[in-house]
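Colleague: fold the following for me, if possible:
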Amino acid sequence: MAGTRLTPELQAELAAIAESKGCELVHAEFQSGVLRLFLDRSEGVRLEDCEAVSKDASALLDVADFGRGRYTLEVSSPGLDRQLYGPRDYERFTGRRVRVRFIDPQTGRRATVVARLDAYRPSPDGGEIELSEPGAVTMRRVRLADVQLARLEIEL
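Modeller: Residues are numbered from 1 along each chain as shown. Model (predicted):
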């Protein structure tokens, strides 16, 4: 487990820490010397949740000899315009407005749409999402393999 990689074993241990504090670890990433942990919980993430997970995660990372050099640990909620990371998020946020950037398989070009996430359809190749754009007559289907970035849109 030593080094600066987020191994599946280390991610599982970080997820267990979050769960022990009543939270879910929705995403973990290590980029440019910053380890980011994104937490969620049905009642909303509180500062106390982030502090508790940060304290226990820091102790685990020290024991695991993570980050032989300097690194920063950030623990937060995904926010109102949270990124969608996979099938579980697409299922959970069906019915919400999303901004999706993807590669159009017909043209090979990047496209971005803001639309209602109408459905997620699982399949062995990762599945697809169905989006309805305002004013459009037909629904757009996008394979998850073609999605580069998907975020919730803030709806007031």
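Colleague: strands along the protein, start to end?
Modeller: Taking DSSP state E to define them, one finds strands in the chain at 24-31, 34-40, 72-76, 97-103, 110-121, 128-132, 140-143, 147-152.
Colleague: what's the shortest one packed up against?
Modeller: Okay, so that is strand 140-143. Under the contact definition 3 or more C-beta pairs under 8 Å, 6 or more residues apart in numbering; DSSP states H and E, strand 140-143 sits against strand 128-132. For the C-beta atoms, the positions are set from N, CA and C on the backbone; glycine is no exception.
Colleague: helices and strands around the strand it packs on, which ones?
Modeller: On a contact count with 3+ C-beta pairs under 8 Å, 6+ apart, strand 128-132 meets strand 97-103, strand 110-121, strand 140-143.
Colleague: will you turn those strands into JSON lines that also has mean neighbour count?
Modeller: Formatted as JSON lines, the helices and strands packed on strand 128-132 follow (neighbours: other C-beta atoms under 10 Å):
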{"stretch": "strand 97-103", "mean neighbour count": "18"}
{"stretch": "strand 110-121", "mean neighbour count": "16"}
{"stretch": "strand 140-143", "mean neighbour count": "16"}
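Colleague: what bridges to Asp130?
Modeller: To be clear, residue 130 is Glu; Asp isn't right here. For Glu130, the beta-bridge assignment (DSSP bridges) gives partners Ala119, Arg141.
Colleague: got a markdown table for the helices and strands packed on strand 128-132, with distance to Leu35 too?
Modeller: Shown next, in a markdown table, are the helices and strands packed on strand 128-132 (distance: least, C-beta to C-beta, whole Å):
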| stretch | distance to Leu35 |
| --- | --- |
| strand 97-103 | 25 |
| strand 110-121 | 29 |
| strand 140-143 | 30 |
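Colleague: just the pLDDT for the residue of the chain most remote from its centre.
Modeller: Taking C-alpha atoms, centre = their mean, the residue of the chain most remote from its mean C-alpha position is Val137, at 30.2 Å. For Val137, the pLDDT comes out at 82.
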